[in-house]
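Engineer: below are the sequence and a predicted model; questions follow.
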Amino acid sequence: MIDRKHLVFPFAALLVAGCAASSDRYPSLAVRDVERAEGTFDPVPGPQLDVPEVEGDVGPDLGAGLTSLVADAQAAHTAFTDAVPAAERSVRAASGSSIGSDSWAAAQVALADLDSARSNAAIVLGELDTLYTAATVQAEDATAIVEARNTVIALVSEEDSVLERLRAQIR
């Protein structure tokens, strides 16, 4: 039987010999004359872009408009939160029931009502997204919009979590 130690050396020698093959078969990695940059290049002026103004529905006072949008989102969130207990009761009653049963259908209707209540906050988020995009495109300060947007995103995310939890109970 051949010892493995004696096979390793000839195999390694063959691999090293492959690395020492003639270099005329491969292109040189040296920098070619074409790749050398010489001289200076003047940039060609491009056409001036006219960026149209994106209009928002907050009126002339952005601060008051943002406050109103956040208040609308909070009112929608309150309506959503008020509808959660009834939806939880319907989902609990449908837990373990077959798809298509009366209790399952009632739970689906309750979840649809919650989805509808969630959409009111999502509409406000869409308006804030439009304002944020407009401010960004016009290179304006969007700090106040970002703060309002983050507040509404937190509300919508909380609503999404509730809907996800309830849907998981009746699958």
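Structural biologist: Sure thing, it's come through. Residues are numbered from 1 along each chain as shown.
Engineer: assess the claim that Ser90 and Trp104 are in contact.
Structural biologist: No. Assessed by CB atoms under 8 Å, Ser90 is found out of contact with Trp104, at 9.4 Å. No exception for glycine: its C-beta is placed from N, CA and C like everyone else's.
Engineer: neighbour-wise, which of the two wins?
Structural biologist: Ser90 (22 against 19; other CB atoms under 10 Å).
Engineer: for the protein, where's the lowest mean pLDDT among helices and strands?
Structural biologist: The weakest-scoring helix or strand in the chain, judged by mean pLDDT, DSSP states H and E, is helix 4-19 (a mean of 67).
Engineer: now do the buried residues in stretch 152-162.
Structural biologist: Using 16 or more other CB atoms under 10 Å as the test for burial, stretch 152-162 gives Val152, Ile153, Leu155, Val156, Glu159, Val162.
Engineer: mind checking how far that stretch is from the chain centre?
Structural biologist: 15 Å (CA atoms, centre = their mean, to the nearest Å).
Engineer: so where is the chain shaky, pLDDT-wise?
Structural biologist: Within the chain, the set of residues satisfying pLDDT under 70 comprises 1-8, 12-23, 39, 51-60.
Engineer: nearest residue to the middle of it?
Structural biologist: For the chain, Ile153 is the residue whose C-alpha lies nearest the centre (CA atoms, centre = their mean; 12.2 Å).
Engineer: elements contacting the helix or strand that contains that one?
Structural biologist: Here Ile153 sits within helix 143-169, counting by DSSP states H and E. Helix 143-169 sits against helix 62-94, helix 102-137, with contacts defined as 3 or more CB pairs under 8 Å, 6 or more residues apart in numbering; DSSP states H and E.
Engineer: good, we can wrap up now.
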